[in-house]
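Student: Sequence unavailable; structure follows:
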């Protein structure tokens, strides 16, 4: 039975409002009786991923990205923390491979499940722009800047769009700064929910 706190984390509009998770992810979190704080975190990261994709659509119209995959990845990237509760409050990476395995065992396709293992390893040779965007959402939701990740995205967007790298950098920097303005409200939303189900 799903806890009331988890249901609230999945449905609370937030302030400012956060978009709901993709239904498939919400159902999976309910079936796993996921920690409410994890659901709140995934909502915050997913919401920022939506903002990133909207920015990309507006600023880089020639860049093609699998929107469904990025949004699913942002909404489920830390699902392995249902198996590693200690990693909700502290460091650890066991949730990455285990989250990938968990998603695959629940019938999630490779193209959607992969983000559980790639969201913290954006320099791996098998990652692409979609992986990097999920990684970016997982950082900037709380206003954390990671220079090498941002530079990787700038380089990929400049190559794909033909825009000069300095212009892509300026646009991305302005966008991230704007997203960072709501970081405190997203952190407040997340910490309002308990770690234990």
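Tutor: Yep, that arrived. All figures in this text were calculated on a predicted structure; none of them were measured in a lab.

Student: report the longest helix in this structure, please.
Tutor: Of all the segments of type helix in the chain, defined by DSSP state H, the longest one is helix 36-59.

Student: need the next SSE after that helix, C-terminal direction.
Tutor: Sequence order places helix 67-76 as the next helix or strand after helix 36-59, per DSSP states H and E.

Student: can you list contacts of that following helix?
Tutor: 21-22, 24-25, 28, 42-43, 45-46, 48-50, 52-53, 99, 103, 108, 111-116, 119, 130-131, 133-134, 137-138 (Cβ atoms under 8 Å, 6 or more residues apart in numbering). (C-beta placed from N, C-alpha, C; glycine too.)

Student: With stretch 103-119 instead?
Tutor: 28, 66, 68-69, 72-74, 76-80, 95-97, 99-100, 102, 124, 126-127, 130-131, 134-135, 138.

Student: give me that answer again for 7 Å
Tutor: Defining contact as Cβ atoms under 7 Å, 6 or more residues apart in numbering, one finds that stretch 103-119 is touched by 28, 69, 72-73, 76-77, 79-80, 96-97, 99-100, 124, 127, 131, 134-135, 138.

Student: Just the buried residues from the residues you listed, in PyMOL please.
Tutor: Applying 16 or more other Cβ atoms under 10 Å to the contacts of stretch 103-119, the buried members can be selected in PyMOL as follows:
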select buried, resi 28+69+72+73+76+77+79+80+96+99+100+127+131+134+135+138
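
Student: Give me the subset of the contacts of stretch 103-119 that lies in helices.
Tutor: Using DSSP H, these in helices are 28, 69, 72-73, 76, 96-97, 99-100, 131, 134-135, 138.

Student: Make CSV from the residues you listed and add distance to residue 89 to it.
Tutor: Converted to CSV, the ones in helices among the contacts of stretch 103-119 look like this (distance: Cβ to Cβ, whole Å):
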residue, distance to residue 89
28, 22
69, 29
72, 25
73, 23
76, 20
96, 17
97, 20
99, 17
100, 22
131, 26
134, 22
135, 21
138, 17
